[in-house]
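Undergrad: What follows is a protein structure lacking sequence information:
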DNA sequence: CGGCGGGTATTTGTATACAATAGCGTGCCG
DNA sequence: CGGCACGCTATTGTATACAAATACCCGCCG
């Protein structure tokens, strides 16, 4: 990951998520290239990826702006994530093998230890949590699903949410994982599906509560795909349906 | 869409879907550039998009190969599409306005006329069908959802499927649209969800039947995300979960 | 005062050259 | 005869120059 394009991707992504680049502001390739210390070529690469992540928006003429996320947008992302990750849990349950089960238990033990401390170790919590969810996604055995979820999950959002978590919520998260593992042990896809769905929805509300009043829902940020009209030119034309 | 990058994208995509480039074969940027009549720069752009579509796979060192799709992969894509597009139909039903409803009816009238002919007009069917599904997706008002479905729907697959359709199946598709419109008229999200889900699942089986024996499920095409091991470097690291 | 048009400056798109790196074959050594 | 290492070749990554398109500004005209 030492390539300039990846470096640019991470740098720009960081600047967006940290708020260093304010929503709605234009991202000139030249300016970004300078700030990242690389040429425009890898920046263009990075911009394309960020566009796929919906972290930036592009006008019909390919000018890039930092996307402004309303709470509704975030809820949307969480809803879709709940749907897809629940599906992943179901598939994983149906395919679960004992080795992975052990690894899952190991992850949740790490989480348990991290939150048992007087001052919970947030970094360890986030990392072990990440690993656990990834094991499940991997076990679901679906490249498509993995690709879709990849664009849906903004780790920094998780991080910030976890920091806001009280010890009570950390423990709830951990025991939800326990239940998930139970469902996996029984190879009960429906159970795993339900638990995972609840897990994600709860996470959304934790996020929403933490951000109440801080980032109120924007006014007219129309959360729709621009249709017909004047040559919108989306990267992946929505037109291709069947 | 006259840009070289788009032209390259469409050209390469066409070559992949038509089978001109056989699954597993390597895609050299230089060679593609020559065949597309452009330089490597727009080709690289196109490759990144195709990678997001999962039409090509990249090794850890970014060498590109035509993805080989097993029937299981296709089923996977249809399953996810059913989930997401059903969700879109539900959201659309809850937000439906009368103008769009009229447009939907108009689309399905086009479909009705196209399949009423002695020799059904497949092109018109596909186009009106596309427009109808797109209207629904647009009405769902979710950028995220639109982005996810965009990568999931391979129009050429639809096209080939439609060509295989007998008049009976074309009519079934049309009447399913009718039922969908009924659900929209009543603003019944659950109904719309169910009908759409069934609609897509039926389409998958039409596809599977048409390809039975033609493209049998490949042997070990492991449909899983490559995990840990030796620096897999996925475009959107699956690691970023929470 | 507002809208239109043209010109300029900014921004993105493309091509090309060069650099770095992975893959691969060959030949040497054990 | 097998394996390792070296070096060559093919392929991708990056930078830069230039071309094309567009947004913006300013002046003109209604």
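TA: Yes, it's here. If you're wondering where the values come from, they're calculated on a predicted model, not measured in any experiment. Numbers count the residues shown, from 1 in each chain, chains lettered A, B, ... in the order given.
Undergrad: care to break chain A down by domain?
TA: Here the domain parsing of chain A from automatic domain parsing is A:4-66, A:71-210.
Undergrad: Compare those and give me the one nearest DNA strand C.
TA: domain A:4-66 (3.2 Å; CB to the nearest atom of the strand). (C-beta placed from N, C-alpha, C; glycine too.)
Undergrad: That closest one and DNA strand C, any residue contact?
TA: Yes. Domain A:4-66 comes into contact with DNA strand C (CB under 7 Å from any atom of the strand), by way of A:26, A:27, A:28, A:29, A:30, A:40, A:41, A:44, A:61, A:62, A:63, A:64.
Undergrad: ranking those residues by neighbours, who comes first?
TA: Highest neighbour count within these, by other CB atoms under 10 Å in any protein chain shown: residue A:64, with 23 neighbours.
Undergrad: Quickly note the distance from it to chain B.
TA: According to CB to the nearest CB, to the nearest Å, residue A:64 stands 14 Å off from chain B.
Undergrad: Just say which of the domains of chain A is most tucked in.
TA: Of all those, domain A:71-210 carries the top mean neighbour count, a mean of 19, counting by mean count of other CB atoms under 10 Å in any protein chain shown.
Undergrad: chain center to that domain, what's the gap?
TA: Computed by CA atoms, centre = their mean, to the nearest Å, the separation of domain A:71-210 from the middle of its chain amounts to 11 Å.
Undergrad: Straight-line length of that domain, end to end?
TA: Start-to-end span of domain A:71-210 (CA to CA, to the nearest Å) is 12 Å.
Undergrad: Let me know the average pLDDT across that domain.
TA: When pLDDT is averaged over domain A:71-210, the result is 94.
Undergrad: anything in that domain near chain B?
TA: Yes. Judged by CB under 8 Å from any CB of the partner chain, domain A:71-210 comes into contact with chain B at A:73, A:76-77, A:80, A:83-84, A:87, A:126, A:129-130, A:133-134, A:137-138, A:141-155, A:157-159, A:161-162, A:203.
Undergrad: So which of those reach DNA strand C?
TA: Among those, no residue lies close to DNA strand C (CB under 7 Å from any atom of the strand).
Undergrad: CSV please, covering the domains of chain A and showing distance to residue B:209.
TA: Listed next are those as CSV, based on distance: least, CB to CB, whole Å:
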stretch, distance to residue B:209
domain A:4-66, 34
domain A:71-210, 22
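Undergrad: Could you give the backbone dihedrals for residue A:187?
TA: Dihedral pair for residue A:187: phi 50, psi 40, per degrees, to the nearest 10.
Undergrad: Kindly report the same for residue A:141.
TA: Main-chain torsions, residue A:141, degrees, to the nearest 10: phi 60, psi 60.
Undergrad: would you list the residues of domain A:4-66 next to DNA strand C in CSV and tack on pLDDT and secondary structure?
TA: Shown next, in CSV, are these (pLDDT from 0 to 100; DSSP: H, G, I helix; E, B strand; the rest coil):
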residue, pLDDT, secondary structure
A:26, 95, strand
A:27, 96, strand
A:28, 96, coil
A:29, 97, helix
A:30, 96, helix
A:40, 97, helix
A:41, 97, helix
A:44, 96, helix
A:61, 90, coil
A:62, 92, coil
A:63, 95, coil
A:64, 96, strand
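Undergrad: where does the closest residue to residue A:69 other than its chain neighbours land in three-state SS?
TA: Distance criterion CB to CB, 6 or more residues apart in numbering or on different chains; nearest residue to residue A:69, sequence neighbours excluded, is residue A:23 at 7.2 Å. Following DSSP: H, G, I helix; E, B strand; the rest coil, the label given to residue A:23 is coil.
Undergrad: Give me the pLDDT value at residue A:23.
TA: 92.
Undergrad: Let me see the contact set for it.
TA: Counting by CB atoms under 8 Å, 6 or more residues apart in numbering or on different chains, residue A:23 makes contact with A:66, A:67, A:68, A:69.
Undergrad: Which PyMOL command selects the buried ones in those residues?
TA: Here is the PyMOL command that selects only those of these that count as buried (16 or more other CB atoms under 10 Å in any protein chain shown):
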select buried, chain A and resi 66+67+69
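Undergrad: TSV for the contacts of residue A:23, including secondary structure and distance to residue B:19?
TA: Formatted as TSV, the contacts of residue A:23 follow (DSSP: H, G, I helix; E, B strand; the rest coil; distance: CB to CB, whole Å):
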residue	secondary structure	distance to residue B:19
A:66	strand	41
A:67	coil	38
A:68	coil	43
A:69	coil	41
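Undergrad: So which residues of chain A form helices?
TA: A:4-17, A:29-36, A:40-52, A:71-95, A:98-116, A:122-139, A:143-152, A:155-164, A:167-185, A:189-210 (DSSP state H).
Undergrad: elements contacting the second one?
TA: In this structure, helix A:29-36 packs against helix A:4-17, helix A:40-52, with contacts taken as 3 or more CB pairs under 8 Å, 6 or more residues apart in numbering or on different chains; DSSP states H and E.
Undergrad: Just tell me which of those helices ends up closest to residue B:207.
TA: helix A:40-52 (26.5 Å; CB to CB).
Undergrad: Now find how far off-centre that closest one is within its chain.
TA: That offset, for helix A:40-52, works out to 19 Å (CA atoms, centre = their mean).
Undergrad: can it be found next to DNA strand D?
TA: Yes. Between helix A:40-52 and DNA strand D, judged by CB under 7 Å from any atom of the strand, the touching residues are A:40, A:41, A:42, A:45.
Undergrad: Residue A:135 touches residue A:104, doesn't it?
TA: Yes. Using CB atoms under 8 Å, residue A:135 is in contact with residue A:104, at 5.6 Å.
Undergrad: Just give me the residue closest to the centre of chain A.
TA: residue A:153 (1.1 Å; CA atoms, centre = their mean).
Undergrad: Return the backbone torsion pair for it.
TA: Dihedral angles (degrees, to the nearest 10) for residue A:153: phi -110, psi 110.
Undergrad: what's the distance between it and DNA strand D?
TA: Distance from residue A:153 to DNA strand D, counting by CB to the nearest atom of the strand, to the nearest Å: 24 Å.
Undergrad: ok, that residue touching residue A:80?
TA: No. Contact criterion CB under 8 Å: residue A:153 and residue A:80 do not qualify, at 10.3 Å.
Undergrad: dump the residue contacts of residue A:94.
TA: So residue A:94 contacts A:187, A:189 (CB under 8 Å, 6+ apart).
Undergrad: and if you look at residue A:121?
TA: Residues in contact with residue A:121, defined by CB under 8 Å, 6+ apart, are A:114, A:115.
Undergrad: One more: residue A:5?
TA: A:38, A:41, A:42, A:45, A:46.
Undergrad: The third one and residue A:48: what is the separation?
TA: From residue A:42 across to residue A:48, the span is 11 Å (CB to CB, to the nearest Å).
Undergrad: residue contacts, residue A:210?
TA: A:160, A:161, A:164.
Undergrad: check contacts around the closest residue to the second one other than its chain neighbours.
TA: This points to residue A:161. Nearest residue to residue A:161 in three dimensions, chain neighbours excluded: residue A:207, at 4.7 Å (CB to CB, 6+ apart). Residues in contact with residue A:207 (CB under 8 Å, 6+ apart) are A:74, A:78, A:157, A:161, A:164.
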